[in-house]
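1. turn this into a structure:
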Amino acid sequence: MRDHQNHQILFGIVTILVTVFAMALTDAIVKLASSDMTLWQIYVLRTLLVAPVLLFLARRTLRPIAFGWVLLRSLALTLMYLGIYAAIPLLDLSVIAASLYTGPLFIVALSALALREPITTRHWAAILIGFLGVLLIVRPSAVDFSPFALIPVSAGFLYALAAVITRSRCAAVPAFTLALWLNVTLFALGATASLLIAGFGAGSGIDYPFLFGTWSVTSWPVVILLAVLMIGISIGLARAYQSPKPQVIATFDYAYLPFAGFWGFVFFGEIPDKYTLGGMALIVFAGCVVFCLDGRTKTQKGADILENRTGSRST
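-> Okay, the predicted model is just below:
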């Protein structure tokens, strides 16, 4: 049983690493496409390509038993994405990144409160080390922060909420089904926003076309690539946080930042400086601490149990 749980945790770690790698690539592509298409246009058209695939994969479990929790998880992730993009015209990207990546800290806290998961000192220490790595990378100064920073912080909380719901209420729901309903919710938001903007001019007085502009010419190669990535990301997130230890997965979630740095170099020629490299090292170290020490603890517990059983037999 313990070996099976260890394999599940390892699978979750590998899955979240691949997923955040794809997430970083997706964000870079969306950034490139933001000058040509609106966010809602991307949501609607991408879902039209993604939904048939997910419908086929989830055809037997379209309406799972925990349907209400599935919808709540989808809504939390949808609002998370909206919070990230809504903050872009109001805050520096460094502040958004630092605020958003409070999410893993919220996951640890929510896991302790909602799941009654035992959170050890090393878990807290590793998460905090990872967060220090985030701060070292983005280096937000005091003058950068404002009350608007609560927007990406709330997005981080919503991400944590979705992760904990996935583990506690949707663990038995197929990842394909979770991915399908997430994309359906994104489509509903995109279609509603598009209709409001086109029909009533909602937000027309705000100079931010990515959120408040009308649809423009579609770059179908970009939409197709985003659709393929979205299938992997939505399934990967669901699978990763179905792990028995979401707080461990949360630590490796920090790997998004070095991956974002990689794609930043590929797409925009950005070269990480010494602070960024130092932050990456802290993030990797934090993940290794949680995984390796957690494994040692379980091994020691197993040895203690074996020793107790041997002692009882000898008496």
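2. surely residue 219 touches residue 37?
-> Yes. Counting by C-beta atoms under 8 Å, residue 219 does reach residue 37; the two are 6.8 Å apart. Backbone N, C-alpha and C define where each C-beta goes, glycine included.
3. so the two - more neighbours on which side?
-> Each of residue 219 and residue 37 has its neighbours counted (other C-beta atoms under 10 Å); residue 37 has more, 21 against 16.
4. from residue 188, how far off is that one?
-> If you measure residue 37 against residue 188 using C-beta to C-beta, to the nearest Å, the figure is 19 Å.
5. got the buried residues for stretch 59-72?
-> In terms of neighbour count (16 or more other C-beta atoms under 10 Å), stretch 59-72 has its buried residues at 64, 66, 69, 70, 72.
6. so for it, first residue to last residue, what's the gap.
-> Counting by C-alpha to C-alpha, to the nearest Å, you get 21 Å between the two ends of stretch 59-72.
7. and the strands in the protein?
-> For the chain, strands defined by DSSP state E do not occur.
8. any weak-confidence spans in it?
-> 1-2, 88-95, 98, 138, 140-147, 202-205, 247, 290-315 (pLDDT under 70).
9. hmm, back to that, with distance to residue 12 added, can I get the buried residues of stretch 59-72 in CSV?
-> Below are these laid out as CSV (distance: C-beta to C-beta, whole Å):
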residue, distance to residue 12
64, 20
66, 19
69, 19
70, 19
72, 21
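10. which one among the residues you listed gets closest to residue 134?
-> residue 72 (27.3 Å; C-beta to C-beta).
11. shouldn't that closest one be in contact with residue 166?
-> No. Using C-beta under 8 Å, residue 72 is not in contact with residue 166; the gap is 10.5 Å.
12. separation between residue 100 and residue 82?
-> 13 Å.
13. higher neighbour count, the two?
-> Ranked by neighbour count (other C-beta under 10 Å), residue 100 and residue 82 place residue 100 first, with 23 against 18.
14. how close does that one sit to residue 60?
-> 35 Å.
15. mind listing what residue 171 touches?
-> The contact partners of residue 171, by C-beta atoms under 8 Å, 6 or more residues apart in numbering, come to residue 242.
16. same thing with residue 42?
-> 30, 33, 190, 223, 226.
17. do you have the helices of the stretch 101-250 of the chain handy? List them.
-> All helices of the stretch 101-250 of the chain, identified by DSSP state H, counting those that start in this stretch, fall at 103-114, 121-138, 150-168, 175-200, 209-212, 220-240, 246-252.
18. tell me the most buried of these?
-> helix 246-252 (a mean of 27; mean count of other C-beta atoms under 10 Å).
19. can you list contacts of that one?
-> Contacts of helix 246-252 (C-beta under 8 Å, 6+ apart): 9, 12-13, 16-17, 20, 103-104, 107-108, 111, 115, 117, 119, 123, 126-127, 130, 160, 163-164, 166-167, 240-241, 243, 286-287, 290-291, 294.
20. stretch 274-286 too?
-> With C-beta under 8 Å, 6+ apart, stretch 274-286 has contacts from 126-127, 129-130, 132-137, 139, 251, 254-255, 257-258, 261, 272.
21. what residues sit buried inside that stretch?
-> Neighbour count says stretch 274-286 has 276, 279, 280, 282, 283, 284, 286 buried, by 16+ other C-beta under 10 Å.
22. keep only those of those residues that are in helices.
-> Counting by DSSP state H, those place 276, 279, 280, 282, 283, 284, 286 in helices.
23. this completes my enquiry, with thanks.
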